[in-house]
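A.B. asks: fold the following.
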Amino acid sequence: MPLVCFSSPKGGVGRTTLAATAGVALHRLGWRVIAIDLDPQNALRLNFDLPDELRGIADEIDGERDWSDLAVETPAGIFLVPFGTASTSEALRVDAHVAQTPGWLAQRLEPFLQERDLLVVADMPAGPSPVNVEIDPLADLRLMVLLADAMSLPLLPKPPQGDALPAGGDRAREFGYVLNQVDPRRQLCRDVMALSRDVLGEALYGVIHQDEAVAEAAACQLTVLDYAPDSGASQDILAIARRVNRSVAPA
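C.D. replies: Next comes the predicted model:
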C-alpha cells in the first residue's frame, strides 16, 4: 500500500543499490515488497542476479498489460518489475509517453497501491524527468540519496525546487535524506554529517558508512544484506528501513 520513492539529483550516488537493499530489509521487517525500476539503466535487477532479457516497463508502454504480469520473484524474496533493456531512443520514448499521457503511471501503479500490506519501492530516474513529475504526488515517502561530499552541501540547507525534489508545503514531512558512502576518517565527510544533522534534523533518515562489503556484494549481484548481513553497511541500511517502516506503517 505505501509507495516509497528513492531519488537522487544525479547518478552514481548508490540510489539503486539502496533501493534494492532497503526493499529486502523492509521485507524482513514483515512487508510484502515489490520494487519497480523506473530508471532507464535497468540496474535494479543486478542486485538480484536476474537476467537482462526480462521484459519490463519499456517493452509494454503501448499495451495494456498489467505490470503484475511483468513482476518476477527475486531470490531475496521480494518481487521486481524491471524497466527493461532499452536503447537511448527507447528510453526517451518512455519519457515522452509518460509526459503525453497524464495519469498513465498512476493507472499502472494503482493495483499495487490498493493491496493491503504491500509496500512499493520505486527506483526513480536521476534528476528531473516526466516520471518524477507523475510519481511525486503519489509517494508516501520520498528519500533523496546524497553523498557526503562538497557537491551535496548546497542541497542541505534549502533543497532547490525541482521535479526530483520536494515541493514543500504540507508534504515536506514526507521527504527525507540519506547520506551514503560516508567515510568518517575524512574531515569533509565529518563536516557534511555534522551539518546534515544540524540542518535536517528528523528529515535525515540515516547515514550509510563506506563499506567494501557493498562493492563485493555488487560483484556477486547480491544485496549487502544477503552477502554480508553483519557488515556495517547492512546495519546502517537496516536502521534506515526501520525508520521507513515507522514512517509508513498504518497507525
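A.B. asks: just how off-centre is the one helix or strand residue 89 maps to within its chain?
C.D. replies: Using DSSP states H and E, residue 89 sits within helix 88-100. The chain centroid and the centroid of helix 88-100 are separated by 20 Å under Cα atoms, centre = their mean, to the nearest Å.
A.B. asks: using PDB, list the CA coordinates for it.
C.D. replies: The C-alpha coordinates for helix 88-100 follow below in PDB (Å, rounded to 0.1, in the frame of the first residue of the first chain):
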ATOM      1  CA  THR A  88      18.500   5.600 -25.600                       C
ATOM      2  CA  SER A  89      15.800   6.300 -28.100                       C
ATOM      3  CA  GLU A  90      13.500   3.700 -26.400                       C
ATOM      4  CA  ALA A  91      14.100   5.300 -23.000                       C
ATOM      5  CA  LEU A  92      13.300   8.700 -24.400                       C
ATOM      6  CA  ARG A  93      10.100   7.200 -25.900                       C
ATOM      7  CA  VAL A  94       9.100   6.100 -22.400                       C
ATOM      8  CA  ASP A  95       9.600   9.700 -21.100                       C
ATOM      9  CA  ALA A  96       7.600  11.100 -24.000                       C
ATOM     10  CA  HIS A  97       4.800   8.600 -23.400                       C
ATOM     11  CA  VAL A  98       4.600   9.500 -19.700                       C
ATOM     12  CA  ALA A  99       4.700  13.200 -20.500                       C
ATOM     13  CA  GLN A 100       2.000  12.900 -23.100                       C
END
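A.B. asks: got the buried residues for that helix?
C.D. replies: 91, 94, 98 (16 or more other Cβ atoms under 10 Å). Just so you know, the C-beta spots here come from the backbone N, C-alpha and C atoms, and that holds for glycine as well.
A.B. asks: okay if I get those as CSV plus distance to residue 208?
C.D. replies: Converted to CSV, the buried residues of helix 88-100 look like this (distance: Cβ to Cβ, whole Å):
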residue, distance to residue 208
91, 28
94, 30
98, 30
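A.B. asks: identify, from these, the entry nearest to residue 153.
C.D. replies: residue 91 (30.7 Å; Cβ to Cβ).
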